[in-house]
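>>> using only what follows, build the 3D model:
(one chain, ligands or ions: 1)
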Amino acid sequence: MTEPLLSIEALSAVSLRDRNRPVLRDVSLTLKPGEVRGLVGESGAGKSTIAKALLGMLPATVKVTGGWIRFESRDLLRLSPRSLREIMGNEITLIPQDPQTALNPGRRIEAQLTDGLRLKRGMTKAQARLEALKMLAEVHIRDPERVLGSYPHELSGGMRQRVLIAAAFAMKPKLVVADEPTTALDVTVQKQILRLIRQMQKANDTAVIFVTHDLGVVAQICDTVTLLYAGRVIEEGATAEVMTTPRHAYTRALIAAGPRYDRPDAGLEPVPEAIFGQLRTEIGMAGEDRG
Ligand SMILES: Nc1ncnc2c1ncn2[C@@H]1O[C@H](COP(=O)(O)OP(=O)(O)OP(=O)(O)O)[C@@H](O)[C@H]1O
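Reported below is the predicted structural model:
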């Protein structure tokens with residue numbers, strides 16, 4: 001059996017901003033090298049909190065109350081800031097939600113792509129430029145010279161996201177955390193970007209944690225899925241199995257509601273209110289506000 005690359009064990013956290021309300025409740029999941037796992041759930045389910053914990057970016061107002069995050073043999077929650085800095089941006093990287101805000105508007109793409117290569121891989125300016133051109137070609141950017149010379153506002157949203165995908169894979173990381181990477185893009189571009197992430201992941205055999213609201217996206221690109229509600233794992237397993245034989249009534253209702261279950265305007269069946277009641281009882285949320 002392959003050793004897991006990542007193993008989250010009984011992770012619990014509370015929000016200090018919100019009267020110590022539980023944000024994560026005993027969350028466990030494992031990820032093998034090269035596995036693509038979807039983290040799915042409605043707003044407030046705790047997906048981003050898990051992503052931030054993996055990236056060493058938990059806000060001061062979220063307090064971990066128990067559990068471990070083992071990355072290979074290291075416990076990410078208890079590493080020195082220096083060891084964390086060595087891992088983040090190198091072994092674990094991020095594809096962010098909004099390519100617009102993730103890039104520095106005042107610097108050309110070349111400077112933003114080559115900084116890491118020069119600093120972390122010790123390349124000269126000329127070597128880093130060549131490497132950046134290669135990286136852009138890998139994410140199917142046709143005129144990499146022009147893109148390197150551009151400022152972010154001169155590129156489309158899809159192009160900016162390609163640049164960030166190139167940057168995320170540039171260091172040959174073991175794990176990429178993709179935090180709703182297509183939410184800010186047009187539907188047609190979304191499809192291309194999903195395909196690209198999957199291609200890059202396969203070519204490099206990188207493990208990916210893919211945060212999304214969208215079960216349709218999970219079905220398209222994730223090998224495995226963990227479904228969260230109010231910080232609790234409700235269902236998990238191989239994507240094909242969960243989608244065809246879901247065990248929990250909530251999962252069944254989400255699948256029936258269609259890929260965009262989070263958008264009532266899509267005109268699909270909403271999740272019946274009774275199921276939320278059942279979830280709240282199971283999770284032991286009596287007395288907590290729903291939010
Ligand atoms: N900076 C913060 N400080 C304290 N609590 C927070 C903070 N950010 C989020 N929370 C709380 O953590 C809970 C989970 O939020 P989180 O952002 O992880 O959910 P999510 O599933 O990613 O939702 P979304 O899809 O809306 O991003 C929420 O109840 C929220 O109130």
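>>> so residue 83, which of the three states?
Assigned with DSSP: H, G, I helix; E, B strand; the rest coil, residue 83 falls in the helix class.
>>> beta partners for the nearest residue in space to it that is not next to it in sequence?
Leaving aside its sequence neighbours, residue 83 sits nearest to residue 74 (C-beta to C-beta, 6 or more residues apart in numbering; 7.3 Å). Any C-beta I mention is one placed from the backbone N, CA and C, and that applies to glycine too. Beta-bridge pairing of residue 74, defined through DSSP bridges, involves residue 71.
>>> from what I see, residue 74 and residue 87 are in contact.
Yes - counting by C-beta atoms under 8 Å, a contact exists between residue 74 and residue 87, whose distance comes to 7.4 Å.
>>> separation between the residue lying closest to residue 13 once chain neighbours are set aside and residue 60?
Once its chain neighbours are removed from consideration, residue 13 has its nearest residue in residue 24; the separation is 4.3 Å (C-beta to C-beta, 6+ apart). When distances are taken as C-beta to C-beta, to the nearest Å, residue 24 and residue 60 turn out to be 16 Å apart.
>>> next: residue 181.
As judged by C-beta to C-beta, residue 181 and residue 60 stand 26 Å apart.
>>> tell me which of the two has more neighbours.
Neighbours were tallied for residue 181 and for residue 60 using other C-beta atoms under 10 Å; the higher tally belongs to residue 181 (28 against 7).
>>> need the contact list for the closest residue in space to the more buried one that isn't next to it in sequence.
Excluding its sequence neighbours, the residue lying closest to residue 181 (C-beta to C-beta, 6+ apart) is residue 95, at 4.5 Å. With contacts defined as C-beta atoms under 8 Å, 6 or more residues apart in numbering, the neighbours of residue 95 are 161, 164, 165, 168, 176, 177, 178, 179, 181, 197.
>>> just the pLDDT at the closest residue in space to residue 102 that isn't next to it in sequence, thanks.
Counting by C-beta to C-beta, 6+ apart, residue 102 lies nearest to residue 96, which is 4.1 Å off, once chain neighbours are set aside. For residue 96, the pLDDT comes out at 90.
>>> surely residue 96 is in contact with residue 182?
No - with contact defined as C-beta under 8 Å, residue 96 does not count as touching residue 182 (11.4 Å).
>>> looking at the two, which is more packed in?
Set side by side, residue 96 and residue 182 give different neighbour counts by other C-beta under 10 Å, the larger being at residue 182 (24 against 19).
>>> where's the residue nearest to residue 13 relative to the ligand, distance?
Between residue 24 and the ligand the distance, using C-beta to the nearest ligand atom, to the nearest Å, works out to 8 Å.
>>> which element is that residue on?
In this structure, residue 24 is located in strand 21-31 according to DSSP states H and E.
>>> tell me which residues in that strand are buried?
Neighbour counts over strand 21-31 (16 or more other C-beta atoms under 10 Å) mark 22, 23, 24, 25, 27, 29, 30, 31 as buried.
>>> equivalent analysis for stretch 122-139, please.
Within stretch 122-139, the residues that qualify as buried are 123, 128, 129, 131, 132, 133, 135, 136, 138, 139, counting by 16+ other C-beta under 10 Å.
>>> ok, those residues vs residue 273, which is closest?
Compare each of the buried residues of stretch 122-139 with residue 273 using C-beta to C-beta and the shortest gap goes to residue 139, at 43.6 Å.
>>> that closest one reaches residue 162, doesn't it?
Yes - distance between residue 139 and residue 162: 4.4 Å, which falls inside the contact criterion (C-beta under 8 Å).
>>> give the residues shared as contacts by the two.
Residues touching both residue 139 and residue 162 (C-beta under 8 Å, 6+ apart) are residue 196.
>>> contacts for the lowest-mean-pLDDT helix or strand in the chain, please.
Among the helices and strands of the chain, helix 99-102 carries the lowest confidence by mean pLDDT, DSSP states H and E, at a mean of 81. The list of residues contacting helix 99-102 from outside it, by C-beta under 8 Å, 6+ apart, reads 96, 152, 157, 160, 161, 163, 164, 184.
>>> make a markdown table out of these and add secondary structure and distance to the ligand.
A markdown table is the format used below for those (DSSP: H, G, I helix; E, B strand; the rest coil; distance: C-beta to the nearest ligand atom, whole Å):
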| residue | secondary structure | distance to the ligand |
| --- | --- | --- |
| 96 | coil | 13 |
| 152 | helix | 23 |
| 157 | helix | 19 |
| 160 | helix | 20 |
| 161 | helix | 18 |
| 163 | helix | 23 |
| 164 | helix | 18 |
| 184 | coil | 13 |
